[in-house]
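Engineer: coords below, sequence missing:
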């Protein structure tokens, strides 16, 4: 956590329209940390879950002087209450702005970038990363030891964590006359939208004859394998250790829980959920939750 | 995809004996790309699946001027048809020869290679790879950020993708007098045959007291873990995110589907298949397909 | 395996109090290798499993001149028998001391270490590793291409294999006013105890508002993902390809078999076992073994 002392005035100015009302004596108040419930102190920016029936009690028990709350709580003597629409969202914004350290834009001198690569404005590329003939959108943060092969197009503001491998040749083979496999040409691209996150050591292969595509705002956790030719929509969440085999169509807002397997050549409908460790072998309709091995529709209990 | 314009004469010369017959007007014809069915254009090298009853129709609908076909199709006005034994195989060979960019042999100046390592002819070793006292066969392509520990023997023509870790100490422990684990010595080697592929960020451990062995033409996808002492045959396919625990015997032509787990100390018989997400806890007889958790023989439907 | 020729006198001196008795003619005896049963030769240090009813027979059949045995075996003409409490443990200690090559302490000139990092005595840091504002305990071995982010505290004598990523931002998100996810601040630390092993390409995230904690002597294999806020005890074994989602409490001596998934926000009781490929969605009581998808208590057979 970055060291910072944030005066209440600065905080309120940062939150702007998010703030609906402020209770308490604001002069001299400040925060200098975020903490979980067990470690809150006087200068933590605390928050109370909205609509919690016990929230007035929780608020009074908080050691913090400054607390983000939703509407309907009563003032508490000695505390500054900042009434906002969504306390957790407000906390997250404050945290990102004041307590999270972000790398400054710049390309580390050890990074190796192909002369034909296109790198946008305000990009950070960390040590020992190797970038081929790729296009890197403005504001991307690419950590260390990342490999981006030829033919990758990264949108704006993507976050690529250490050790990720983007655009490698997919795992497709033909057999030669002796019955030994040789690689089918993998000449497609990998096209990633804006504001996409790729976790550490995650691998996403480029397409074979078509492209692998990943939509805006999609978030992919560590150690996932996403094979060639997948067409993945926007705001999809792919959690840790997921295997997505080739040529699936995955619609917007799908949620894939950890260590799930997606078969290949199937369709995951808009907003569906694939459960933890589920083995999805068939199309999943929009909005449904499928679990188990093989995955089946989860029955309501 | 590499830019290339390939004249028909050049194409026919490259394919050689593969070509059984050519229909159509070859003079002036050329190709300059490969594409999936949705993106085929006049200068794509297209192909039609053999024995497809609708293939004459598909062929006539293709936008491409040059198409690889099998025997039994009729000439189509305005198109060059190249009749071959196996159209997809022919396409793959053409693609690899003309449209896939391969790194030129050479060792990147940032790669660190032990003075006692043996490196064959025409090897490529990429940036930031670290090679111990290992033997690297002729024609291997080792991408960036790869770690090859002491005692690894790589055959000829292997393809090791970015971030792979070969020959690390296996996960075997004894307990000391206080009950704390310490590593059992892992002094075996990792012996990999010819024409083996190891995917990005895949880890293969060396043996403990014996060797880990992987046969010729075996293909391993991204993010697999292969533990110590495994004896893996030839032409085995290990797909993404597979975990192979220690000391198994895996015969030739086994297929292990994504995210499967192999228990350790079991035998996978020649040509058997382990299904996606299957948890293989027992020997699997040759030729059988086992699926589920725990894995059981798949019944025919 | 490191070349070494170890005289019997040296061996006995090294083993010290571990040795209860020695049978046979020790003068001139030596060992120069370790091997599995199929490759034992005259100068291998061999061992016989304790309490095996056939061990006298096995011992007589061994080609080795020097064998570690437990009490109760009879002398064998022409062999030196070293009677110890625990033959395998004694073998492991000898192997580590004489046949396993360990890197010399030192920091490779290509490693990049933040000026504010604290690095203890006798630490090895390999090529192309990148260390932020972290604390590295004495005697740690950090291999190549490792990424350690800010806020990581590593205890003494830890072993971090190639490609591991420690202290990355966890996978926690809020939604903005447009419904797009943005990262919830991940400002906690990652605190790792003494004598912990982290496998190749394994990723362990730092905490969000609290810390991620891993206890002494815990061993984690390759390609595991351990998410934010986990509190993991001592002597825990986490095998290959395991996914541990966020905010679990995992007590001492838990064993998690390969490719298992731990849901997040659950409690794994002291000494319990999670089976291979198991999908643990509920608390598991101390000492129990749970298997399957979803995981259930394994019934005794």
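Structural biologist: Structure received. Computed from a prediction, not measured in an experiment: that's the story for all the values here. Numbering: from 1, shown residues only, chains lettered A, B, ... in the order given.
Engineer: What distance do you get for the closest residue to chain B within chain A to residue C:217?
Structural biologist: Minimum separation of chain A from chain B (C-beta to the nearest C-beta) falls at residue A:185, amounting to 2.9 Å. From N, CA and C alone the C-beta is placed, and that goes for glycine too. Counting by C-beta to C-beta, to the nearest Å, the gap from residue A:185 to residue C:217 is 49 Å.
Engineer: and if you look at residue A:28?
Structural biologist: Using C-beta to C-beta, one obtains 48 Å as the distance from residue A:28 to residue C:217.
Engineer: which non-adjacent residue is nearest residue A:246?
Structural biologist: Take residue A:246 and drop its neighbours on the chain: the residue closest to it by C-beta to C-beta, 6 or more residues apart in numbering or on different chains is residue A:227, 4.0 Å away.
Engineer: got a list of what that neighbour touches?
Structural biologist: For residue A:227, the contacting residues are A:170, A:171, A:205, A:244, A:245, A:246, A:247, A:264, B:221, B:240, taking C-beta atoms under 8 Å, 6 or more residues apart in numbering or on different chains as the criterion.
Engineer: Excluding sequence neighbours, find me the nearest residue to the second one.
Structural biologist: Right, the one you point to is residue A:171. Taking C-beta to C-beta, 6+ apart, and ignoring the residues beside it in sequence, residue A:171 has residue B:221 as its nearest neighbour in space, at 4.4 Å.
Engineer: From what I see, that neighbour and residue B:238 are in contact.
Structural biologist: Yes: counting by C-beta atoms under 8 Å, residue B:238 is a contact partner of residue B:221 at 6.5 Å.
Engineer: that older thread, who has more neighbours, residue A:28 and residue C:217?
Structural biologist: Of the pair residue A:28 and residue C:217, residue C:217 is the one with more neighbours under other C-beta atoms under 10 Å in any protein chain shown, namely 26 against 8.
Engineer: Need the per-residue pLDDT for the more buried one.
Structural biologist: Looking at residue C:217, its pLDDT is 98.
Engineer: Quick check: residues of the stretch 1-150 of chain A near chain C?
Structural biologist: Among all residues of the stretch 1-150 of chain A, those adjacent to chain C (criterion: C-beta under 8 Å from any C-beta of the partner chain) are A:1-2, A:34-36, A:38-39, A:88-89, A:91-92, A:95-96, A:99-101, A:110, A:126-128, A:143-145.
Engineer: Now which of the residues you listed would you call buried?
Structural biologist: Among those, those scoring as buried are A:1, A:34-35, A:88-89, A:91-92, A:95-96, A:99-100, A:110, A:126-128, A:143-145 (criterion: 16 or more other C-beta atoms under 10 Å in any protein chain shown).
Engineer: Just the residues you listed: which are in helices?
Structural biologist: With DSSP state H as the criterion, helices contain A:88, A:89, A:91, A:92, A:95, A:96 from among those.
Engineer: Let me know the closest of those residues to chain C.
Structural biologist: Distances from those to chain C were compared by C-beta to the nearest C-beta; the smallest belongs to residue A:95, at 2.9 Å.
Engineer: The closest one: what's it in contact with?
Structural biologist: The contact partners of residue A:95, by C-beta under 8 Å, 6+ apart, come to A:34, A:45, C:184, C:185, C:187.
Engineer: Taking the residues you listed, tell me the two that lie furthest apart.
Structural biologist: Greatest spatial distance in the contacts of residue A:95: A:45 and C:184, 13.4 Å, computed using C-beta to C-beta.
Engineer: wait, what's in contact with the residue nearest to residue A:171?
Structural biologist: With contact taken as C-beta under 8 Å, 6+ apart, residue B:221 is in contact with A:171, A:225, A:227, B:199, B:202, B:238, B:239, B:240, B:241, B:242, B:258.
Engineer: Apply 7 Å and report the result again.
Structural biologist: Contacts were defined as C-beta atoms under 7 Å, 6 or more residues apart in numbering or on different chains; by that measure residue B:221 touches A:171, B:199, B:238, B:239, B:240.
Engineer: Quick check on those residues: which are buried?
Structural biologist: A:171, B:199, B:238, B:239, B:240.
Engineer: I'd like those residues as JSON lines, with pLDDT and secondary structure appended.
Structural biologist: Output for the buried ones among the contacts of residue B:221, formatted as JSON lines (pLDDT from 0 to 100; DSSP: H, G, I helix; E, B strand; the rest coil):
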{"residue": "A:171", "pLDDT": "97", "secondary structure": "coil"}
{"residue": "B:199", "pLDDT": "98", "secondary structure": "coil"}
{"residue": "B:238", "pLDDT": "98", "secondary structure": "strand"}
{"residue": "B:239", "pLDDT": "98", "secondary structure": "coil"}
{"residue": "B:240", "pLDDT": "98", "secondary structure": "coil"}
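Engineer: Any residues of chain A in contact with chain B? List them.
Structural biologist: Taking C-beta under 7 Å from any C-beta of the partner chain as the measure of proximity, chain A contacts chain B at A:112, A:128, A:130, A:145, A:147, A:150, A:163, A:165, A:168, A:171, A:173-174, A:180-185, A:187, A:201, A:203, A:209-210, A:223, A:225, A:227, A:241, A:243, A:245, A:261, A:263, A:279, A:293.
Engineer: quick one: the spatially most central residue of chain A and chain C, what's the gap?
Structural biologist: For chain A, residue A:219 is the residue whose C-alpha lies nearest the centre (C-alpha atoms, centre = their mean; 3.7 Å). Separation of residue A:219 from chain C (C-beta to the nearest C-beta, to the nearest Å): 6 Å.
Engineer: Alright, I will stop here.
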